[in-house]
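>>> 3D model of this:
(one chain, ligands or ions: 1)
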Amino acid sequence: PRTAAVIPAAGRGVRLGRGAPKALRPLGGTPMLVHAVRAVARARTVSLVVVVAPPDGAAAVRTLLDEHPLPQAAGDTDVMVVTGGGTRQESVARGLAALPGDVDTVLVHDAARPLVPVETVEAVAAAVRAGAPAVVPALPVSDTVKQIGPGTPAGEPEPVVATPERSLLRAVQTPQGFDRTVLAKAHADAPREGEGATDDAGLVERLGVPVVLVPGHEEAFKVTRPLDLVLAEAVLARRRV
Ligand code: C5P
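Next comes the predicted model:
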């Protein structure tokens, strides 16, 4: 039995071509997706990485990965490329469908979290291997969070309906780790309608299967806004000294 990582990178924002799609945006001169693949491949327990590429971008992603071979520290980890779908949920489902039969533990990791430390990847995988069906790295939130009423037109002031107790809130990261059978069932049972799930553990929660949190890491932040690129470059520069 072995552990595989699925990296969804098929969002519209990562379409190959002009305009610097996010996953191909260089960090320290190397595309974000390559950092993400290396980050999970460095984990000793991960022996296969499945990258889910845009439907029209599989060949280009394959070329990109061939141009940036894995470092020695990744050992003999295999990298497969499959094509994704219209939602993140569908893309992850396609990655799962491509896994060989001997994979029993699956990590799902966003291409947009390129700097996750290997210790976080290992901790998630170890918790699944120790028997937890679903494991999510998470951090306390520093901002107070407000819940708003649905359906407020854009540009209007948003009515606040609740302020959840901050000490009970966590911001979740990836890689999220799962028993393969549990994650496959969660995806098989998930509704196909709507925008799809933004988080795999959320689908597992709907099955009534327990999901647990382990400590996440500040450097596993999601590169979303321009300021995140500044932070990511600074983290890389600090690692190089
Ligand atoms: O949109 P969001 O930031 O939640 O996307 C998280 C990850 O899911 C990204 O790495 C993105 O490329 C991926 N994704 C995908 N297929 C889609 C939409 C998003 O693989 N159709």
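>>> show me where pLDDT drops low in this protein?
Along the chain, segments meeting pLDDT under 70 span 12-21, 194-196.
>>> quick check on L48: phi, psi?
phi -150, psi 130 (degrees, to the nearest 10).
>>> residues touching the nearest residue to it once chain neighbours are set aside, list them.
Among residues not flanking L48 along the chain, A4 sits closest, at 4.1 Å (C-beta to C-beta, 6 or more residues apart in numbering). C-beta coordinates here come from the backbone N, C-alpha and C atoms, glycine included. A4 makes contacts with V46, S47, L48, V49, V50, L99, V103, T105, V106, L107, as judged by C-beta atoms under 8 Å, 6 or more residues apart in numbering.
>>> how far away is A23 from L65?
According to C-beta to C-beta, to the nearest Å, A23 and L65 sit 12 Å apart.
>>> which residue is the nearest non-sequential neighbour of A39?
With C-beta to C-beta, 6+ apart, the residue lying closest to A39 is V116, at 5.0 Å.
>>> count of residues packed around A232?
A232 has 21 neighbours, counted by other C-beta atoms under 10 Å.
>>> same question for the one 5 residues further on.
Residue crowding around A237 was assessed by other C-beta under 10 Å; the count is 10.
>>> so it touches G29, yeah?
No - applying C-beta atoms under 8 Å as the test, A237 and G29 come out as separate, 11.6 Å apart.
>>> quick one: contacts for the nearest residue to H68 once chain neighbours are set aside?
Nearest non-adjacent residue to H68, counting by C-beta to C-beta, 6+ apart: V34, 4.4 Å away. By C-beta under 8 Å, 6+ apart, the residues touching V34 are L64, L65, H68.
>>> the second one - nearest residue in space that isn't next to it in sequence?
I take that to be L65. Nearest to L65 is V79, by C-beta to C-beta, 6+ apart, at 5.7 Å.
>>> wouldn't the one you found be in contact with L64 here?
No - counting by C-beta under 8 Å, V79 stays clear of L64, with 10.9 Å between them.
>>> name the residues contacting each of the two.
With C-beta under 8 Å, 6+ apart, V79 and L64 have no common neighbours.
>>> how about E219, secondary structure?
Secondary structure state of E219, per DSSP: H, G, I helix; E, B strand; the rest coil, is helix.
>>> in the host helix or strand of G202, what's buried?
Per DSSP states H and E: G202 is located in helix 200-206. Across helix 200-206, burial judged by 16 or more other C-beta atoms under 10 Å covers D200, A201, G202, L203, V204.
>>> out of these, which is nearest to H187?
L203 (6.3 Å; C-beta to C-beta).
>>> pull the longest helix from this structure.
Ranked by residue count under DSSP state H, the longest helix found in the chain is helix 226-240.
>>> ok, it near the ligand or not?
No - using C-beta under 6 Å from any ligand atom, helix 226-240 stays clear of the ligand, coming no nearer than 11.5 Å.
>>> re the thing from before, in this structure the residue nearest to A39 contacts Q173, no?
Yes - V116 is in contact with Q173 according to C-beta under 8 Å; the separation is 7.3 Å.
>>> any residues in contact with both of these two?
Joint contacts of V116 and Q173 (C-beta under 8 Å, 6+ apart) are H217, A220.
>>> so which bits of this protein are right by the ligand?
So the chain meets the ligand at 8-11, 14, 23, 52, 84-88, 91, 110-112, 198 (C-beta under 6 Å from any ligand atom).
>>> run the last query once more with 8 Å
Contact residues (C-beta under 8 Å from any ligand atom) of the chain with the ligand: 7-14, 22-23, 36, 52, 54, 84-88, 90-92, 110-112, 196, 198, 222, 224.
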